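Q: This is a predicted model, with the sequence first.
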Amino acid sequence: MSSRTIRIGLCGLGTVGQGVWKHLSANRSALEARLGVRIDLAKAAVRDPRKVRAVTVPAGKLVADPLSIATDPTIDIVCELMGGTGLAKDVTLAALHAGKIVVSANKALLCEHGAALFAAARKGGGRFFFEASVAGGIPIIKALREGLVANRFKLIYGILNGTCNYILTRMASEGAGYPQILADAKRLGYAEADESLDVEGWDTAHKASILAYLAHGVWVKTPHMIVDGITQITQADLKYAATLGYGIKLLAVITRDFERNELFVRVHPTLVPKDRVLANVNGVFNGIAVMGDVVGTTTYIGRGAGQDATASAVISDIADAIVLLTTGRDITPVATTAGVAELLSVPVQPLRLSPLERIRSRYYVRTTVKDRPGVLAQIATVMARNGVSIESVIQTTAERPEAASLILTTHESDEKAMRATLNALGRLKSVVEKPLLLRIGDFSE
Ligand SMILES: NC(=O)c1ccc[n+]([C@@H]2O[C@H](COP(=O)([O-])OP(=O)(O)OC[C@H]3O[C@@H](n4cnc5c(N)ncnc54)[C@H](OP(=O)(O)O)[C@@H]3O)[C@@H](O)[C@H]2O)c1
(Lines give C-alpha, C1' and ligand atoms only; values in the text may rest on other atoms or scores of the structure.)
Protein backbone atom coordinates (compact mmCIF):
# COMPACT_ATOMS: atom_id res chain seq x y z
CA MET A 1 0.00 0.00 0.00
CA SER A 2 1.58 3.30 -0.99
CA SER A 3 -0.95 5.47 0.87
CA ARG A 4 -0.14 8.25 3.31
CA THR A 5 0.98 7.31 6.82
CA ILE A 6 -0.80 9.12 9.67
CA ARG A 7 1.32 9.34 12.83
CA ILE A 8 -0.51 9.38 16.14
CA GLY A 9 0.92 10.35 19.52
CA LEU A 10 -0.82 9.36 22.74
CA CYS A 11 -0.20 11.62 25.75
CA GLY A 12 -1.20 9.26 28.55
CA LEU A 13 -1.27 5.48 28.55
CA GLY A 14 -3.50 4.77 31.54
CA THR A 15 -6.99 3.28 31.47
CA VAL A 16 -8.12 5.09 28.30
CA GLY A 17 -4.73 5.33 26.57
CA GLN A 18 -4.10 1.59 26.88
CA GLY A 19 -7.60 0.91 25.54
CA VAL A 20 -6.87 3.08 22.51
CA TRP A 21 -3.49 1.42 21.97
CA LYS A 22 -5.01 -2.07 22.33
CA HIS A 23 -8.00 -1.58 20.00
CA LEU A 24 -6.17 0.54 17.42
CA SER A 25 -3.49 -2.15 17.22
CA ALA A 26 -6.03 -4.99 16.98
CA ASN A 27 -8.31 -3.30 14.40
CA ARG A 28 -5.65 -1.38 12.53
CA SER A 29 -5.92 -3.24 9.19
CA ALA A 30 -9.71 -2.81 9.08
CA LEU A 31 -9.42 0.90 9.90
CA GLU A 32 -6.61 1.38 7.38
CA ALA A 33 -8.73 -0.28 4.69
CA ARG A 34 -11.73 1.91 5.54
CA LEU A 35 -9.75 5.14 5.69
CA GLY A 36 -7.20 4.46 2.94
CA VAL A 37 -4.16 5.36 5.04
CA ARG A 38 -1.50 3.63 7.08
CA ILE A 39 -1.79 4.29 10.80
CA ASP A 40 1.35 4.51 12.91
CA LEU A 41 0.99 4.58 16.68
CA ALA A 42 4.20 6.55 16.76
CA LYS A 43 4.69 7.63 20.39
CA ALA A 44 3.18 7.47 23.85
CA ALA A 45 4.00 9.76 26.78
CA VAL A 46 3.74 8.47 30.35
CA ARG A 47 4.84 9.66 33.77
CA ASP A 48 6.68 6.43 34.59
CA PRO A 49 8.12 4.62 31.53
CA ARG A 50 9.12 1.62 33.72
CA LYS A 51 5.57 0.89 34.87
CA VAL A 52 4.24 -2.54 33.83
CA ARG A 53 1.30 -2.07 31.44
CA ALA A 54 -1.30 -4.35 29.90
CA VAL A 55 -0.19 -3.34 26.39
CA THR A 56 3.26 -3.84 24.89
CA VAL A 57 4.81 -0.60 23.68
CA PRO A 58 8.29 -0.69 22.08
CA ALA A 59 10.72 1.10 24.41
CA GLY A 60 11.73 3.57 21.67
CA LYS A 61 8.15 4.82 21.43
CA LEU A 62 7.73 5.68 25.12
CA VAL A 63 8.63 9.20 26.20
CA ALA A 64 8.30 11.03 29.51
CA ASP A 65 7.54 14.48 28.11
CA PRO A 66 4.07 14.85 26.54
CA LEU A 67 4.97 18.33 25.27
CA SER A 68 7.59 16.73 23.01
CA ILE A 69 4.73 14.86 21.29
CA ALA A 70 2.55 17.97 21.07
CA THR A 71 5.30 19.88 19.26
CA ASP A 72 6.77 17.03 17.18
CA PRO A 73 6.34 18.10 13.54
CA THR A 74 6.09 14.46 12.39
CA ILE A 75 2.99 13.76 14.56
CA ASP A 76 -0.36 14.43 12.84
CA ILE A 77 -2.81 13.64 15.66
CA VAL A 78 -2.22 14.18 19.38
CA CYS A 79 -4.50 12.31 21.81
CA GLU A 80 -4.58 13.98 25.25
CA LEU A 81 -5.48 11.14 27.61
CA MET A 82 -3.75 12.26 30.82
CA GLY A 83 -6.57 14.16 32.50
CA GLY A 84 -6.39 17.23 34.74
CA THR A 85 -6.36 20.88 33.76
CA GLY A 86 -2.67 21.75 34.21
CA LEU A 87 -0.20 19.90 31.99
CA ALA A 88 -3.11 18.64 29.86
CA LYS A 89 -3.97 22.26 29.01
CA ASP A 90 -0.36 23.10 28.10
CA VAL A 91 -0.09 20.01 25.90
CA THR A 92 -3.41 20.67 24.16
CA LEU A 93 -2.64 24.34 23.54
CA ALA A 94 0.87 23.55 22.26
CA ALA A 95 -0.52 21.02 19.77
CA LEU A 96 -3.31 23.36 18.63
CA HIS A 97 -0.89 26.27 18.23
CA ALA A 98 1.23 23.94 16.07
CA GLY A 99 -1.83 23.38 13.86
CA LYS A 100 -2.38 19.76 14.90
CA ILE A 101 -5.57 17.84 15.52
CA VAL A 102 -6.08 17.09 19.21
CA VAL A 103 -8.36 14.28 20.33
CA SER A 104 -9.37 14.55 23.98
CA ALA A 105 -11.39 12.67 26.59
CA ASN A 106 -10.87 15.44 29.14
CA LYS A 107 -14.25 16.88 30.21
CA ALA A 108 -12.81 18.88 33.10
CA LEU A 109 -10.39 20.68 30.78
CA LEU A 110 -13.15 21.41 28.25
CA CYS A 111 -15.55 22.76 30.85
CA GLU A 112 -12.88 25.01 32.38
CA HIS A 113 -11.07 26.18 29.25
CA GLY A 114 -13.26 25.22 26.26
CA ALA A 115 -13.46 28.75 24.87
CA ALA A 116 -9.65 29.19 25.03
CA LEU A 117 -9.03 25.80 23.40
CA PHE A 118 -11.33 26.54 20.44
CA ALA A 119 -9.81 30.02 20.07
CA ALA A 120 -6.32 28.45 19.99
CA ALA A 121 -7.49 25.92 17.39
CA ARG A 122 -8.89 28.71 15.18
CA LYS A 123 -5.74 30.79 15.53
CA GLY A 124 -3.24 27.98 15.01
CA GLY A 125 -5.16 26.12 12.31
CA GLY A 126 -5.58 23.06 14.54
CA ARG A 127 -8.76 21.16 15.41
CA PHE A 128 -10.12 19.84 18.69
CA PHE A 129 -12.22 16.63 18.81
CA PHE A 130 -13.82 15.44 22.05
CA GLU A 131 -16.34 12.63 21.51
CA ALA A 132 -14.94 10.66 24.47
CA SER A 133 -15.51 13.50 26.93
CA VAL A 134 -19.25 12.83 27.39
CA ALA A 135 -21.01 9.51 27.92
CA GLY A 136 -18.07 7.25 26.98
CA GLY A 137 -19.06 4.97 24.14
CA ILE A 138 -22.35 6.72 23.27
CA PRO A 139 -21.75 8.87 20.17
CA ILE A 140 -23.76 11.77 21.62
CA ILE A 141 -21.43 14.50 20.35
CA LYS A 142 -21.70 13.19 16.79
CA ALA A 143 -25.47 12.87 17.22
CA LEU A 144 -25.89 16.49 18.36
CA ARG A 145 -23.45 17.88 15.86
CA GLU A 146 -24.28 15.87 12.76
CA GLY A 147 -27.34 13.64 12.97
CA LEU A 148 -29.49 16.27 14.71
CA VAL A 149 -28.05 19.34 13.01
CA ALA A 150 -31.52 20.28 11.66
CA ASN A 151 -32.84 20.80 15.20
CA ARG A 152 -33.02 23.37 17.94
CA PHE A 153 -32.91 21.79 21.39
CA LYS A 154 -35.49 22.81 23.94
CA LEU A 155 -34.49 20.12 26.41
CA ILE A 156 -31.62 17.69 26.87
CA TYR A 157 -31.44 15.56 29.97
CA GLY A 158 -29.40 12.56 30.87
CA ILE A 159 -27.59 10.24 33.21
CA LEU A 160 -23.96 11.12 32.50
CA ASN A 161 -22.09 9.55 35.41
CA GLY A 162 -21.92 5.76 35.56
CA THR A 163 -20.61 5.70 39.14
CA CYS A 164 -23.61 7.57 40.55
CA ASN A 165 -25.99 5.46 38.51
CA TYR A 166 -24.29 2.28 39.75
CA ILE A 167 -24.59 3.47 43.38
CA LEU A 168 -28.25 4.55 43.09
CA THR A 169 -29.19 1.36 41.22
CA ARG A 170 -27.66 -0.90 43.85
CA MET A 171 -29.09 1.13 46.73
CA ALA A 172 -32.55 0.76 45.17
CA SER A 173 -32.34 -2.89 44.21
CA GLU A 174 -30.34 -4.49 47.01
CA GLY A 175 -30.92 -2.24 49.93
CA ALA A 176 -27.12 -2.07 50.46
CA GLY A 177 -25.81 1.10 52.15
CA TYR A 178 -24.08 4.00 50.35
CA PRO A 179 -20.58 3.56 51.92
CA GLN A 180 -20.39 -0.15 51.04
CA ILE A 181 -21.51 0.43 47.45
CA LEU A 182 -19.12 3.35 47.00
CA ALA A 183 -16.26 1.11 48.21
CA ASP A 184 -17.32 -1.53 45.62
CA ALA A 185 -17.47 1.13 42.88
CA LYS A 186 -13.89 2.13 43.72
CA ARG A 187 -12.69 -1.48 43.82
CA LEU A 188 -14.25 -2.14 40.40
CA GLY A 189 -12.55 0.96 38.96
CA TYR A 190 -15.81 2.84 38.28
CA ALA A 191 -15.30 5.72 40.70
CA GLU A 192 -12.62 8.41 40.23
CA ALA A 193 -9.78 8.31 42.79
CA ASP A 194 -11.32 11.51 44.21
CA GLU A 195 -14.90 10.27 44.40
CA SER A 196 -16.28 13.74 45.15
CA LEU A 197 -15.97 14.49 41.40
CA ASP A 198 -18.55 11.76 40.82
CA VAL A 199 -20.84 11.73 43.84
CA GLU A 200 -21.03 15.51 44.34
CA GLY A 201 -22.08 15.99 40.72
CA TRP A 202 -19.01 17.82 39.32
CA ASP A 203 -18.22 15.24 36.64
CA THR A 204 -21.84 15.38 35.44
CA ALA A 205 -21.66 19.19 35.50
CA HIS A 206 -18.54 19.20 33.29
CA LYS A 207 -20.33 16.97 30.79
CA ALA A 208 -23.50 19.10 30.96
CA SER A 209 -21.37 22.11 30.10
CA ILE A 210 -20.04 20.36 26.98
CA LEU A 211 -23.55 19.29 25.85
CA ALA A 212 -24.85 22.83 26.42
CA TYR A 213 -22.02 24.21 24.29
CA LEU A 214 -22.74 21.77 21.47
CA ALA A 215 -26.47 22.42 21.53
CA HIS A 216 -26.44 26.17 22.19
CA GLY A 217 -22.94 27.46 21.40
CA VAL A 218 -22.15 28.98 24.83
CA TRP A 219 -19.87 27.78 27.60
CA VAL A 220 -21.64 27.55 30.96
CA LYS A 221 -19.27 27.11 33.89
CA THR A 222 -20.23 25.32 37.09
CA PRO A 223 -20.81 28.46 39.25
CA HIS A 224 -23.73 29.28 36.92
CA MET A 225 -25.39 25.90 37.44
CA ILE A 226 -27.24 24.16 40.25
CA VAL A 227 -24.91 21.24 41.11
CA ASP A 228 -26.24 18.79 43.72
CA GLY A 229 -24.79 15.30 44.14
CA ILE A 230 -26.17 12.06 45.53
CA THR A 231 -24.57 11.98 48.96
CA GLN A 232 -27.76 13.02 50.78
CA ILE A 233 -29.91 10.32 49.16
CA THR A 234 -30.86 7.52 51.53
CA GLN A 235 -32.34 4.11 50.87
CA ALA A 236 -35.52 5.46 52.44
CA ASP A 237 -35.72 8.14 49.70
CA LEU A 238 -35.39 5.47 47.01
CA LYS A 239 -38.13 3.48 48.73
CA TYR A 240 -40.49 6.47 49.10
CA ALA A 241 -39.81 7.50 45.50
CA ALA A 242 -40.68 3.97 44.33
CA THR A 243 -43.93 4.10 46.35
CA LEU A 244 -44.76 7.36 44.57
CA GLY A 245 -44.00 5.78 41.16
CA TYR A 246 -40.50 7.18 40.56
CA GLY A 247 -36.87 6.10 40.32
CA ILE A 248 -34.11 8.49 41.48
CA LYS A 249 -31.39 9.34 38.95
CA LEU A 250 -28.62 11.93 38.98
CA LEU A 251 -29.51 13.99 35.90
CA ALA A 252 -27.97 16.80 33.92
CA VAL A 253 -30.82 18.97 32.64
CA ILE A 254 -30.25 21.59 29.92
CA THR A 255 -33.32 23.71 29.17
CA ARG A 256 -33.54 26.43 26.52
CA ASP A 257 -36.32 29.00 26.56
CA PHE A 258 -36.37 30.23 22.96
CA GLU A 259 -38.89 32.98 23.65
CA ARG A 260 -36.78 34.64 26.33
CA ASN A 261 -33.53 33.47 24.67
CA GLU A 262 -32.42 31.95 27.98
CA LEU A 263 -30.61 28.82 29.06
CA PHE A 264 -30.67 26.83 32.31
CA VAL A 265 -28.06 24.15 33.09
CA ARG A 266 -28.42 22.09 36.25
CA VAL A 267 -27.33 18.81 37.81
CA HIS A 268 -29.31 17.16 40.58
CA PRO A 269 -30.81 13.90 41.77
CA THR A 270 -34.21 13.74 40.11
CA LEU A 271 -37.35 11.69 40.62
CA VAL A 272 -38.02 10.20 37.17
CA PRO A 273 -41.39 8.52 36.49
CA LYS A 274 -40.84 4.76 36.35
CA ASP A 275 -42.36 4.45 32.89
CA ARG A 276 -39.71 6.74 31.34
CA VAL A 277 -36.81 5.15 29.50
CA LEU A 278 -34.16 6.84 31.65
CA ALA A 279 -35.71 5.56 34.88
CA ASN A 280 -34.80 2.09 33.58
CA VAL A 281 -31.18 2.84 32.62
CA ASN A 282 -29.32 1.08 35.39
CA GLY A 283 -25.86 0.21 36.71
CA VAL A 284 -22.89 1.91 35.06
CA PHE A 285 -24.88 2.70 31.93
CA ASN A 286 -25.54 6.26 30.77
CA GLY A 287 -28.66 7.48 28.99
CA ILE A 288 -29.45 10.78 27.30
CA ALA A 289 -32.76 12.08 25.95
CA VAL A 290 -32.57 14.89 23.40
CA MET A 291 -35.68 16.82 22.45
CA GLY A 292 -35.26 18.39 19.01
CA ASP A 293 -37.89 20.67 17.51
CA VAL A 294 -37.77 18.79 14.20
CA VAL A 295 -37.13 15.17 15.14
CA GLY A 296 -38.91 15.00 18.51
CA THR A 297 -37.19 13.02 21.27
CA THR A 298 -34.33 10.64 20.57
CA THR A 299 -32.75 8.61 23.36
CA TYR A 300 -29.23 7.16 23.58
CA ILE A 301 -28.12 4.43 25.98
CA GLY A 302 -24.77 2.74 26.44
CA ARG A 303 -21.68 2.31 28.55
CA GLY A 304 -20.72 5.74 29.81
CA ALA A 305 -17.13 5.05 30.84
CA GLY A 306 -14.49 2.38 31.14
CA GLN A 307 -11.56 1.43 28.98
CA ASP A 308 -13.26 -0.11 25.96
CA ALA A 309 -16.25 2.23 25.63
CA THR A 310 -14.04 5.31 25.95
CA ALA A 311 -11.46 3.90 23.52
CA SER A 312 -14.27 3.38 20.99
CA ALA A 313 -15.12 7.10 21.18
CA VAL A 314 -11.46 8.21 20.97
CA ILE A 315 -10.86 6.00 17.91
CA SER A 316 -13.99 7.41 16.27
CA ASP A 317 -12.46 10.90 16.64
CA ILE A 318 -9.15 9.62 15.28
CA ALA A 319 -11.03 8.31 12.22
CA ASP A 320 -12.72 11.73 11.72
CA ALA A 321 -9.33 13.38 12.12
CA ILE A 322 -7.85 11.12 9.43
CA VAL A 323 -10.72 11.94 7.05
CA LEU A 324 -10.07 15.64 7.68
CA LEU A 325 -6.35 15.21 7.02
CA THR A 326 -6.79 13.19 3.85
CA THR A 327 -9.87 14.75 2.26
CA GLY A 328 -10.30 18.12 3.98
CA ARG A 329 -13.85 17.10 4.99
CA ASP A 330 -14.43 18.80 8.34
CA ILE A 331 -16.98 18.01 11.03
CA THR A 332 -20.02 20.28 11.34
CA PRO A 333 -19.01 23.34 13.38
CA VAL A 334 -20.89 24.38 16.51
CA ALA A 335 -23.12 27.42 15.87
CA THR A 336 -21.93 29.95 18.44
CA THR A 337 -23.75 33.28 18.70
CA ALA A 338 -20.56 35.06 17.66
CA GLY A 339 -20.19 32.74 14.68
CA VAL A 340 -23.78 33.32 13.54
CA ALA A 341 -23.37 37.09 13.93
CA GLU A 342 -20.18 37.01 11.84
CA LEU A 343 -21.79 34.85 9.16
CA LEU A 344 -24.92 36.97 8.85
CA SER A 345 -23.07 40.28 9.40
CA VAL A 346 -25.81 41.33 11.82
CA PRO A 347 -25.81 41.67 15.60
CA VAL A 348 -27.34 38.60 17.24
CA GLN A 349 -28.95 38.86 20.67
CA PRO A 350 -26.59 36.99 23.02
CA LEU A 351 -28.04 33.99 24.81
CA ARG A 352 -28.58 34.69 28.52
CA LEU A 353 -28.17 32.29 31.42
CA SER A 354 -31.46 32.34 33.32
CA PRO A 355 -31.48 33.20 37.01
CA LEU A 356 -31.58 29.77 38.66
CA GLU A 357 -34.37 30.85 41.08
CA ARG A 358 -36.73 30.85 38.11
CA ILE A 359 -36.39 27.11 37.41
CA ARG A 360 -39.84 25.56 37.77
CA SER A 361 -40.47 22.00 38.86
CA ARG A 362 -42.48 19.78 41.14
CA TYR A 363 -40.58 18.92 44.30
CA TYR A 364 -40.06 16.12 46.82
CA VAL A 365 -39.31 17.19 50.39
CA ARG A 366 -38.26 14.76 53.13
CA THR A 367 -38.13 16.07 56.65
CA THR A 368 -37.92 14.58 60.14
CA VAL A 369 -40.25 16.14 62.70
CA LYS A 370 -41.30 15.68 66.32
CA ASP A 371 -44.08 13.11 66.38
CA ARG A 372 -46.84 15.16 67.97
CA PRO A 373 -50.18 16.65 66.95
CA GLY A 374 -50.27 19.85 64.90
CA VAL A 375 -46.84 19.51 63.27
CA LEU A 376 -48.20 18.69 59.83
CA ALA A 377 -50.46 21.76 60.03
CA GLN A 378 -47.43 23.95 60.91
CA ILE A 379 -45.53 22.65 57.91
CA ALA A 380 -48.50 23.14 55.58
CA THR A 381 -48.80 26.74 56.86
CA VAL A 382 -45.11 27.47 56.12
CA MET A 383 -45.46 26.07 52.63
CA ALA A 384 -48.67 27.96 51.91
CA ARG A 385 -47.06 31.20 53.16
CA ASN A 386 -44.38 30.74 50.51
CA GLY A 387 -46.90 29.96 47.82
CA VAL A 388 -46.03 26.24 47.65
CA SER A 389 -48.93 23.87 47.29
CA ILE A 390 -48.70 20.33 48.68
CA GLU A 391 -49.67 17.50 46.35
CA SER A 392 -49.19 14.42 48.56
CA VAL A 393 -47.97 13.48 52.06
CA ILE A 394 -46.52 10.23 53.39
CA GLN A 395 -45.88 9.96 57.14
CA THR A 396 -43.80 7.12 58.62
CA THR A 397 -41.93 6.42 61.83
CA ALA A 398 -38.41 7.90 61.79
CA GLU A 399 -35.28 6.13 63.03
CA ARG A 400 -35.00 8.68 65.88
CA PRO A 401 -37.21 8.10 68.93
CA GLU A 402 -40.41 10.15 69.09
CA ALA A 403 -39.91 11.44 65.57
CA ALA A 404 -41.70 10.94 62.28
CA SER A 405 -40.55 11.25 58.68
CA LEU A 406 -42.73 13.37 56.44
CA ILE A 407 -42.41 12.98 52.70
CA LEU A 408 -44.20 15.70 50.79
CA THR A 409 -44.55 16.25 47.09
CA THR A 410 -45.57 19.63 45.75
CA HIS A 411 -47.40 20.98 42.74
CA GLU A 412 -45.24 23.02 40.38
CA SER A 413 -43.29 25.75 42.11
CA ASP A 414 -39.93 27.48 41.62
CA GLU A 415 -36.49 27.36 43.23
CA LYS A 416 -36.94 30.73 44.94
CA ALA A 417 -40.13 29.68 46.69
CA MET A 418 -38.68 26.30 47.61
CA ARG A 419 -35.49 27.78 49.06
CA ALA A 420 -37.55 30.16 51.19
CA THR A 421 -39.74 27.24 52.28
CA LEU A 422 -36.77 25.10 53.27
CA ASN A 423 -35.20 27.94 55.26
CA ALA A 424 -38.48 28.53 57.10
CA LEU A 425 -38.97 24.81 57.77
CA GLY A 426 -35.43 24.60 59.14
CA ARG A 427 -36.33 27.31 61.72
CA LEU A 428 -39.35 25.40 63.09
CA LYS A 429 -38.70 23.83 66.53
CA SER A 430 -40.73 20.79 65.49
CA VAL A 431 -38.36 20.06 62.56
CA VAL A 432 -35.47 18.02 63.97
CA GLU A 433 -33.38 17.38 60.84
CA LYS A 434 -32.48 19.58 57.86
CA PRO A 435 -35.08 18.87 55.16
CA LEU A 436 -33.95 17.27 51.90
CA LEU A 437 -35.20 18.75 48.63
CA LEU A 438 -35.31 16.79 45.38
CA ARG A 439 -36.75 17.79 42.02
CA ILE A 440 -39.36 15.75 40.18
CA GLY A 441 -38.62 15.44 36.46
CA ASP A 442 -41.89 15.21 34.56
CA PHE A 443 -40.18 15.36 31.19
CA SER A 444 -42.49 14.47 28.35
CA GLU A 445 -40.63 12.28 25.86
N1 LIG B 1 -11.32 6.10 32.75
C2 LIG B 1 -12.47 6.34 32.12
O3 LIG B 1 -13.37 5.49 32.08
C4 LIG B 1 -12.67 7.64 31.38
C5 LIG B 1 -13.87 7.82 30.64
C6 LIG B 1 -14.05 9.00 29.93
C7 LIG B 1 -13.09 9.99 29.97
N8 LIG B 1 -11.94 9.79 30.72
C9 LIG B 1 -10.96 10.86 30.72
O10 LIG B 1 -9.79 10.37 30.05
C11 LIG B 1 -8.62 10.97 30.60
C12 LIG B 1 -7.65 9.87 31.06
O13 LIG B 1 -8.29 9.09 32.05
P14 LIG B 1 -7.66 7.70 32.54
O15 LIG B 1 -8.72 7.07 33.38
O16 LIG B 1 -7.09 6.94 31.42
O17 LIG B 1 -6.47 8.23 33.48
P18 LIG B 1 -5.27 7.38 34.12
O19 LIG B 1 -5.58 5.94 34.08
O20 LIG B 1 -4.94 8.03 35.40
O21 LIG B 1 -4.07 7.62 33.09
C22 LIG B 1 -3.38 8.83 32.99
C23 LIG B 1 -2.15 8.64 32.11
O24 LIG B 1 -1.49 9.89 31.95
C25 LIG B 1 -0.10 9.72 32.27
N26 LIG B 1 0.39 10.95 32.87
C27 LIG B 1 -0.13 11.60 33.94
N28 LIG B 1 0.64 12.67 34.25
C29 LIG B 1 1.65 12.68 33.36
C30 LIG B 1 2.80 13.50 33.17
N31 LIG B 1 3.04 14.54 33.97
N32 LIG B 1 3.63 13.20 32.15
C33 LIG B 1 3.42 12.14 31.33
N34 LIG B 1 2.34 11.32 31.47
C35 LIG B 1 1.49 11.58 32.47
C36 LIG B 1 -0.04 8.57 33.24
O37 LIG B 1 1.27 8.00 33.23
P38 LIG B 1 1.63 6.70 34.12
O39 LIG B 1 0.85 5.58 33.52
O40 LIG B 1 3.09 6.53 33.96
O41 LIG B 1 1.20 7.04 35.52
C42 LIG B 1 -1.13 7.66 32.68
O43 LIG B 1 -0.58 6.85 31.66
C44 LIG B 1 -9.13 11.89 31.73
O45 LIG B 1 -9.30 13.18 31.21
C46 LIG B 1 -10.48 11.29 32.09
O47 LIG B 1 -11.36 12.24 32.65
C48 LIG B 1 -11.72 8.64 31.40
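A: That came through fine.
Q: beta partners for Leu408?
A: Counting by DSSP bridges, Leu408 forms beta bridges with Val365, Val393.
Q: That one reaches Ile379, doesn't it?
A: Yes. Between Leu408 and Ile379 there is a contact under Cβ atoms under 8 Å: 7.5 Å. Any C-beta I mention is one placed from the backbone N, CA and C, and that applies to glycine too.
Q: overlap in contacts of those two?
A: Here Leu408 and Ile379 share the contacting residues Thr367, scored by Cβ atoms under 8 Å, 6 or more residues apart in numbering.
Q: in stretch 411-426, what's buried?
A: If you call a residue buried by 16 or more other Cβ atoms under 10 Å, then stretch 411-426 has these buried ones: Ser413, Asp414, Glu415, Ala417, Met418, Ala420, Thr421, Leu422, Ala424, Leu425.
Q: Please report phi then psi for the last one.
A: Per-residue torsions, Leu425: phi -60, psi -40 (degrees, to the nearest 10).
Q: Please apply the same query to the third one.
A: Dihedral pair for Glu415: phi -60, psi -40, per degrees, to the nearest 10.
Q: What confidence value was assigned to it?
A: pLDDT recorded at Glu415 is 95.
Q: In the stretch 251-400 of the chain, what residue spans correspond to helices?
A: Using DSSP state H, counting those that start in this stretch, the helices of the stretch 251-400 of the chain run over residues 307-327, 337-344, 375-385.
Q: Among these, show me which one is buried the most.
A: With neighbours defined as mean count of other Cβ atoms under 10 Å, these peak in mean count at helix 307-327, which reaches a mean of 20.
Q: Name the nearest residue to Thr421, sequence neighbours excluded.
A: If the residues on either side of it in the chain are set aside, Thr421 comes closest to Asn386, at 4.5 Å by Cβ to Cβ, 6 or more residues apart in numbering.
Q: tell me the contacts of the one you found?
A: Asn386 neighbours (Cβ under 8 Å, 6+ apart): Ala417, Met418, Ala420, Thr421, Ala424.
Q: separation between the third one and the ligand?
A: Read that as Ala420. From Ala420 across to the ligand, the span is 38 Å (Cβ to the nearest ligand atom, to the nearest Å).
Q: on that earlier part again, would you list the contacts of Asn386 in TSV and tack on secondary structure?
A: Below are the contacts of Asn386 laid out as TSV (DSSP: H, G, I helix; E, B strand; the rest coil):
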residue	secondary structure
Ala417	helix
Met418	helix
Ala420	helix
Thr421	helix
Ala424	helix
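Q: What residue, apart from its backbone neighbours, is nearest Lys186 spatially?
A: Glu195 (6.8 Å).
Q: Any idea how many residues pack against the one you found?
A: 20 (other Cβ atoms under 10 Å).
Q: any idea how far it lies from the ligand?
A: 14 Å.
Q: And that residue, its phi and psi?
A: Main-chain dihedrals, Glu195, degrees, to the nearest 10: phi -70, psi -20.
Q: How is the residue nearest the centre of the chain classified with respect to secondary structure?
A: Per Cα atoms, centre = their mean, the C-alpha nearest to the average position across the chain is that of Lys207, at 2.9 Å. With three-state DSSP as the basis, Lys207 sits in helix.
Q: isn't it right next to Val134, touching?
A: Yes. Taking contacts as Cβ under 8 Å, Lys207 lies within contact range of Val134: 4.4 Å.
Q: joint contacts of the two?
A: Common contacts of Lys207 and Val134, defined by Cβ under 8 Å, 6+ apart, comprise Lys107, Leu160.
Q: Those residues of the stretch 1-150 of the chain touching the ligand, which are they?
A: 12-17, 45-48, 51, 66, 81-83, 87, 105-107, 132, 136 (Cβ under 6 Å from any ligand atom).
Q: re earlier: mind checking how far the residue nearest to the centre of the chain is from Lys107?
A: In this view, Lys207 and Lys107 are 5 Å apart by Cβ to Cβ, to the nearest Å.
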